[in-house]
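A.B. asks: sequence first, then the predicted structure, then my questions.
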Amino acid sequence: MNFFTNFFRGTSAKSSVYIDISADSVAGAYAYYKEGELPVLLYTRRYPIEIRKDEPHERAMLRALTILGSTLIREGAPILMRTTGRGRADTILVSIDAPWQETSVRTERFDRQTSFVLTKSMVIAAIEKTSIVPPGKFLADESIIGTILNGYEMRDPYGKKVHRAEIIILTSFIDTRVVGGIATLIKNLYHTEHILIIAGSSLRYQAMMKVFPHERDALMLDAAGSMTSIALVRKGFLVAVVEVPSKYSTASWADHIGNELAILAQKYPLPRTIFLLAREPEIASLEEKLEAANLSKFWLSDNPPKIVPVLSSHLSGSVRQATTTPPDLQLLLMAIFGKGRSFEEQLTTHRASLLAS
């Protein structure tokens, strides 16, 4: 049993540190899980990444992360101690967004004339054989996000006899210097090598599928930071992720979104539901910009798509926040992600040991 399995399947009560790293801010939380209850965020904090004159973005991010880590230990750990009797979390999960990581989705196919039994070792061997790590990059996240056997979605595919299997994999690469700086900093703060890294787009897709399990076809427009990502979900599977390097404070933000949707529409039929993820003070203005952009032209219809602003209130049935700080959507979704895993949500290639090296 590897560390990722232990991360989600341990005792009936466990605690976690969650760290979210985006283009313009870093955030952290302590979460507590008890069997049969909603996960609870005990403490949250977010800091902006403030770039000094002539300073590399990476250095400013690591400085903000250092401040965040010290605050988590100084202020958050005592709260964890009072709640659980232990001031040390069991696990640390780091979610990283663009521009620090690059995400892609691919499908591994097994197709034979005679039936065969799909095994875990067969899947892992195929994934490792086709994994190509670009120079200067670190393979941080390789998540199985969907399995289709003989044309049908299957959550527990191992040991099944099939003729055809498709394994959908999300892969994320991070610059080696960046991941080295993050891993060293966190290890020094928490004195642990049990660190998991996952792409923010993968994590939020999986968490959103838990919150909205019946929305099998949707676009997820994630504008919670200064960069925006568009995730396309079809039949419950994440099939494409596009990063939009544009700040939403600019007037052209909706135009950039429209351009990317036009490209996606050339390859896939676009679903009519758009989930908008953003910080709550900005979400209403972003919704207005999208509505004004006349996105219906990409659906060849006069009926506009349904835009669903995702608010913290939508998550109240899945996670509870015990702090007085304003709800932080990214951290709430991290807590939801950490509650219970299924096959397609697990990392088949475990990277935590590489972070520790």
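C.D. replies: Now that the structure is in, tell me what you want to look at.
A.B. asks: give the contact list for residue 220.
C.D. replies: If you count contacts by Cβ atoms under 8 Å, 6 or more residues apart in numbering, residue 220 has them with 204-205, 208, 229-233, 274-275, 277. The way it works is simple: take the backbone N, C-alpha and C, and place the C-beta from them, glycine included.
A.B. asks: contact partners of stretch 110-122?
C.D. replies: Identification of contacts with stretch 110-122 by Cβ under 8 Å, 6+ apart yields 126, 149, 157-167, 348.
A.B. asks: could I get these as JSON lines with distance to residue 97, pLDDT and neighbour count?
C.D. replies: JSON lines is the format used below for these (distance: Cβ to Cβ, whole Å; pLDDT from 0 to 100; neighbours: other Cβ atoms under 10 Å):
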{"residue": "126", "distance to residue 97": "28", "pLDDT": "86", "neighbour count": "17"}
{"residue": "149", "distance to residue 97": "32", "pLDDT": "91", "neighbour count": "18"}
{"residue": "157", "distance to residue 97": "29", "pLDDT": "88", "neighbour count": "21"}
{"residue": "158", "distance to residue 97": "31", "pLDDT": "90", "neighbour count": "14"}
{"residue": "159", "distance to residue 97": "36", "pLDDT": "90", "neighbour count": "9"}
{"residue": "160", "distance to residue 97": "35", "pLDDT": "90", "neighbour count": "16"}
{"residue": "161", "distance to residue 97": "40", "pLDDT": "91", "neighbour count": "10"}
{"residue": "162", "distance to residue 97": "36", "pLDDT": "92", "neighbour count": "19"}
{"residue": "163", "distance to residue 97": "39", "pLDDT": "91", "neighbour count": "14"}
{"residue": "164", "distance to residue 97": "34", "pLDDT": "93", "neighbour count": "14"}
{"residue": "165", "distance to residue 97": "31", "pLDDT": "92", "neighbour count": "22"}
{"residue": "166", "distance to residue 97": "27", "pLDDT": "91", "neighbour count": "18"}
{"residue": "167", "distance to residue 97": "25", "pLDDT": "90", "neighbour count": "23"}
{"residue": "348", "distance to residue 97": "22", "pLDDT": "37", "neighbour count": "18"}
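A.B. asks: quick one: mean pLDDT over stretch 226-235.
C.D. replies: For stretch 226-235, mean pLDDT is 86.
A.B. asks: from residue 151, how far out is the residue lying closest to residue 319 once chain neighbours are set aside?
C.D. replies: With Cβ to Cβ, 6 or more residues apart in numbering as the criterion, residue 319 has its nearest non-adjacent residue at 4.7 Å, and that residue is residue 335. For residue 335, the distance to residue 151 (Cβ to Cβ, to the nearest Å) stands at 35 Å.
A.B. asks: and the two? Which one has more around it.
C.D. replies: Using other Cβ atoms under 10 Å as the criterion, residue 335 and residue 151 rank with residue 335 on top: 26 against 9.
A.B. asks: mind checking how far the more buried one is from residue 57?
C.D. replies: Note on residue 335: its distance to residue 57, by Cβ to Cβ, is 28 Å.
A.B. asks: list the buried residues for stretch 216-230?
C.D. replies: Within stretch 216-230, the residues that count as buried by 16 or more other Cβ atoms under 10 Å are 218-230.
A.B. asks: just the residues you listed: which are in strands?
C.D. replies: In this view, the buried residues of stretch 216-230 that belong to strands under DSSP state E are 218-222, 228-230.
A.B. asks: so which of the residues you listed comes closest to residue 174?
C.D. replies: Nearest to residue 174 among those: residue 229, at 15.3 Å, using Cβ to Cβ.
A.B. asks: show me what that closest one bridges to in the sheet.
C.D. replies: residue 222, residue 243 (DSSP bridges).
A.B. asks: hmm, back to that, out of the contacts of stretch 110-122, what pair is the most spread apart?
C.D. replies: The two members of the contacts of stretch 110-122 with the most space between them (Cβ to Cβ) are 163 and 348, at 22.1 Å.
A.B. asks: end-to-end on stretch 63-77?
C.D. replies: Length of stretch 63-77, first residue to last, Cα to Cα, to the nearest Å: 20 Å.
A.B. asks: any regions of the stretch 51-200 of the chain where pLDDT drops low?
C.D. replies: 193 (pLDDT under 70).
A.B. asks: the strands in it, which residues?
C.D. replies: For the stretch 51-200 of the chain, the strands defined by DSSP state E, counting those that start in this stretch occupy 91-96, 101-117, 137-149, 152-153, 161-175, 195-199.
A.B. asks: so for the second one, what gets flagged as buried?
C.D. replies: Read that as strand 101-117. Residues of strand 101-117 classed as buried under the neighbour-count rule (16+ other Cβ under 10 Å) are 101-103, 105, 108, 110.
A.B. asks: give the contact list for the closest residue to residue 97 other than its chain neighbours.
C.D. replies: Leaving aside its sequence neighbours, residue 97 sits nearest to residue 200 (Cβ to Cβ, 6+ apart; 4.0 Å). By Cβ under 8 Å, 6+ apart, the contact list for residue 200 reads 20, 22, 95-97, 101, 222, 229, 330.
A.B. asks: closest to residue 30 out of those?
C.D. replies: Closest to residue 30, out of all of the contacts of residue 200 and judged by Cβ to Cβ, is residue 20, at 13.2 Å.
A.B. asks: list the residues that contact the closest one.
C.D. replies: Residues in contact with residue 20 (Cβ under 8 Å, 6+ apart) are 26-28, 94-95, 97, 200, 330-331, 334.
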